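1. this is a predicted model, with the sequence first.
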Amino acid sequence: RHRVMELLRDDLVIDADGAALWAFTGTRRPSVADCKGALTHAHSAVRARALEAWRDQMEGEGDGSLVRTLEPFTKDKELRVRVQATRLLSQVRHDLARTTLVVLAKDPSEWVREAAYRGLGFQHPYHVVPVLRSGLHDKSPYVCNAARLSLLVHGMKDEAPVLFRDSEDPLLGFRTRRALDQTL
């Protein structure tokens, strides 16, 4: 694994996505320092995998410097990188993280918006409930579903009947049932 990390760092692999998948996933993950080091890699797959591995090591706490470190990745041109950065920010309990997630809830990509709305479910409810309610009107069913689930996490049960309908939907069913199991 260490050698693959070196090859990735030196840009000496042909299949960067496959190498990054192998290097950053599995039972033995690289250190946070290795993840941070891979964030400057030219291949977006490597940056995305590094963010994913870093996210899996997070304890749910963070500070403003972590948010500032992640902010450039929320503007990355590659969708996978923005989604992983959003998911990582979702685990940070800080005012700057919440503010950044609110901005990401307006991203052009529905996958980034979905991750942002899911992340807002873990932030202080007083500040995010109005934003979550606006997510109920998004054109993407995944974003609406994420907003409903986050509202339920914050104790807003008025969307629960729609969530149970979502759980039977062929597109949203698995995600909804899994989230409801975790929430309830």
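-> Looks like it came in fine.

2. burial check on Phe175, number of neighbours?
-> If you look again at residue 175, you'll see it is Arg, not Phe. Using other CB atoms under 10 Å, Arg175 has 18 neighbouring residues. Quick note: C-beta positions are derived from backbone N, CA and C, even for glycine.

3. ah, wrong one, I meant Gly37
-> That count, for Gly37 with other CB under 10 Å as the rule, works out to 15.

4. now do the one 3 residues further on
-> The burial metric for Thr40, expressed as a neighbour count using other CB under 10 Å, is 10.

5. same check on Leu104?
-> 24.

6. helix or strand: which one has the closest residue to it other than its chain neighbours?
-> Spatial nearest neighbour of Leu104, excluding adjacent residues (CB to CB, 6 or more residues apart in numbering): Ala116 at 3.9 Å. Secondary structure assignment for Ala116, by DSSP states H and E: helix 110-120.

7. got the contact list for the most centrally placed residue in the chain?
-> In the chain, the centroid-proximal residue (CA atoms, centre = their mean) is Arg87; its distance is 1.5 Å. The contact partners of Arg87, taken as CB atoms under 8 Å, 6 or more residues apart in numbering, are Leu51, Glu52, Arg55, Ala115, Gly119.

8. can I get the helix holding Ala116 in CSV, CA atoms only?
-> Extracted in CSV, the C-alpha atoms of helix 110-120 (Å, rounded to 0.1, in the frame of the first residue of the first chain):
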residue,chain,number,x,y,z
GLU,A,110,-28.1,17.2,-7.6
TRP,A,111,-25.6,14.8,-6.0
VAL,A,112,-23.7,17.7,-4.2
ARG,A,113,-27.1,19.2,-3.2
GLU,A,114,-28.2,15.8,-1.8
ALA,A,115,-25.0,15.4,0.2
ALA,A,116,-25.4,19.0,1.5
TYR,A,117,-29.0,18.4,2.6
ARG,A,118,-28.0,15.2,4.3
GLY,A,119,-25.2,16.9,6.0
LEU,A,120,-27.5,19.7,7.2
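
9. touching, Leu89 and Leu70? I think so.
-> Yes. Counting by CB atoms under 8 Å, Leu70 is a contact partner of Leu89 at 5.7 Å.

10. show me which of these two is the more surrounded one.
-> Neighbour totals were compared for Leu89 and Leu70, and Leu89 leads with 29 against 23 (other CB under 10 Å).

11. end to end, how far does stretch 65-83 reach?
-> Length of stretch 65-83, first residue to last, CA to CA, to the nearest Å: 20 Å.

12. tell me the mean pLDDT for that stretch?
-> Stretch 65-83 shows a mean pLDDT of 89.

13. quick check on Thr40: phi, psi?
-> Main-chain torsions, Thr40, degrees, to the nearest 10: phi -100, psi 10.

14. show me the contacts for it.
-> Contacts for Thr40 (CB under 8 Å, 6+ apart) come out as none.
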